[in-house]
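[1] just to be clear, the model below is a prediction. Sequence and coordinates:
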Amino acid sequence: MTVRLLDPRGMMEQEAYHHVAGARGTTWVTVAGQVGRRGGEGSAEVGDLATQVGQALRNVGLGLAGAGAGFSDVVRLTFYVTRWSPEDLPAFMGGVQSVAEELGLPMPMPPASLIGVETLYEPDVRVEVEATAVLD
């Protein structure tokens, strides 16, 4: 197994993601920030935060696949979300859970950070997701 996800004893309990990923491999894959747009379309995915989270993760999956990787190889996810509020967490997690099985995204997720930001590159883009993976 290339990636091992774990939660060492004494760390804060967390249901959404693992605190630590250990990886053994020689090829690192990084996927630049992906947003809730489908390739070739000119506007952000219509809809709410959950819809954008789901599509952004699908786009990360496309990037990983292009490098011969998948979500089982991911050691780190970083989510940037505009206008973040703790009340957004159910919608955010709903977006994650809506695509987890489809994409093979482990639940709980690999180590992840959710960072609230004022704005991304366009006002209707609410989510950007980056990923790092390790392959044998």
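    That came in fine, so what should we check first?
[2] could you use CA atoms for every contact and neighbour count after this?
    Fine.
[3] what about residue 117, neighbour count?
    14 (other CA atoms under 10 Å).
[4] and for it, nearest residue in space, chain neighbours not counted?
    Spatial nearest neighbour of residue 117, excluding adjacent residues (CA to CA, 6 or more residues apart in numbering): residue 82 at 4.9 Å.
[5] how about residue 93?
    Residue 93's closest residue in space is residue 50 (CA to CA, 6+ apart), at 7.4 Å.
[6] I'd say residue 128 and residue 79 touch.
    Yes: Residue 128 is within contact range of residue 79, at 5.8 Å (criterion: CA atoms under 8 Å).
[7] what touches both of the two?
    Counting by CA atoms under 8 Å, 6 or more residues apart in numbering, residue 128 and residue 79 have no contacts in common.
[8] show me where the protein has helices.
    Remark: helices assigned in the chain by DSSP state H are 49-66, 89-103.
[9] that older thread, what's around the residue nearest to residue 117, how many residues?
    Neighbours of residue 82 (other CA under 10 Å): 19.
[10] and it, how far is that from residue 34?
    14 Å (CA to CA, to the nearest Å).
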